[in-house]
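In: The sequence isn't on hand, but the structure is:
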């Protein structure tokens, strides 16, 4: 099981924040914009940062998008570029495309050309706040769309000592484990305990330990079910 790969196109405030949140949660991120200043801002924080006009089909093919699990079209100030980029990504075979819409008409067109989900930033912010209030067992949650989030969830006690293959969250609950956060305690030079946080990128043989925090990606209702196990 390898970490998920996201393609984020459009590096305005929303796009850059998305890149940072995804990276912090263990995902590989390819960040793309056609303005060099924006690419420069994020290049040291993502897997790859690319200066590219994604409305140019020939240039877009230069990107290694064959392994991309999800593309996020975060272009906010150019509706034509947003629609054309979404169209080309769909044509290139990207399995799941999330696009930011500026208007209801823009949203309808994006769906027609292949967007699987539409981002409404204001609605997402409200949903995130409600989620924090109603689901305190979820340590943190970042909405990707109204229905899909990246969340940090305490490992269910029933999973302790089992492998990722035993638990099979992708097959069992349609959730992808991007990473595991766990604490390690060591002793310093003068005998004091020192706790540090370690991030593990799991494979099928990874054994879950008591106290692990799972960073998962999936639909909100599936994340809710996980915390209730």
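Out: Arrived safely. Note that the structure is a prediction, hence the values are computed from the model and not measured.

In: From now on I want contacts and neighbour counts done on CA atoms only, so please keep to that.
Out: Will do.

In: Now for residue 148, how many residues are close by?
Out: By other Cα atoms under 10 Å, 18 other residues sit near residue 148.

In: What ranges does this protein have for its helices?
Out: Assigned by DSSP state H, the chain shows helices spanning 13-24, 36-42, 57-60, 79-91, 104-112, 121-134, 164-167, 169-173, 220-227.

In: so which of these gets nearest residue 68?
Out: With Cα to Cα as the criterion, residue 68 lies closest to helix 79-91 of the helices of the chain, at 10.6 Å.

In: So which elements touch that closest one?
Out: Judged by 3 or more Cα pairs under 8 Å, 6 or more residues apart in numbering; DSSP states H and E, helix 79-91 is in contact with strand 70-73, strand 97-100, helix 104-112.

In: Break this structure down into its domains, please.
Out: Partitioning the chain according to automatic domain parsing yields domains covering residues 5-119, 129-227.

In: Can you tell me which of the helices of the chain is most buried?
Out: Between those, helix 79-91 has the highest mean count of neighbours, a mean of 20, where neighbours are mean count of other Cα atoms under 10 Å.

In: related to what we said a few turns ago, what would the helices and strands packed on helix 79-91 look like in CSV with distance to residue 53?
Out: Output for the helices and strands packed on helix 79-91, formatted as CSV (distance: least, Cα to Cα, whole Å):
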stretch, distance to residue 53
strand 70-73, 13
strand 97-100, 16
helix 104-112, 18
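
In: As TSV, those with mean pLDDT and distance to residue 24 would be great.
Out: Formatted as TSV, the helices and strands packed on helix 79-91 follow (pLDDT from 0 to 100; distance: least, Cα to Cα, whole Å):
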stretch	mean pLDDT	distance to residue 24
strand 70-73	92	17
strand 97-100	89	20
helix 104-112	88	28
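
In: picking up where we left off before, weakest of the helices of the chain in terms of mean pLDDT?
Out: Note on those: lowest mean pLDDT is at helix 121-134, with a mean of 47.

In: Which among the helices of the chain is found nearest to residue 184?
Out: helix 13-24 (18.9 Å).

In: In contact with residue 159, which residues?
Out: By Cα atoms under 8 Å, 6 or more residues apart in numbering, the contact list for residue 159 reads 167, 208.

In: For it, give its distance to residue 146.
Out: Remark: distance between residue 159 and residue 146 (Cα to Cα, to the nearest Å) = 28 Å.

In: isn't residue 95 right next to residue 69, touching?
Out: Yes. Judged on Cα atoms under 8 Å, residue 95 makes contact with residue 69 at a distance of 6.4 Å.

In: Now do the longest strand along the chain: which elements does it pack against?
Out: Counting residues, the longest strand found in the chain (DSSP state E) is strand 176-187. Under the contact criterion of 3+ Cα pairs under 8 Å, 6+ apart, strand 176-187 touches helix 169-173, strand 193-200, strand 213-219.

In: Lovely, talk soon.
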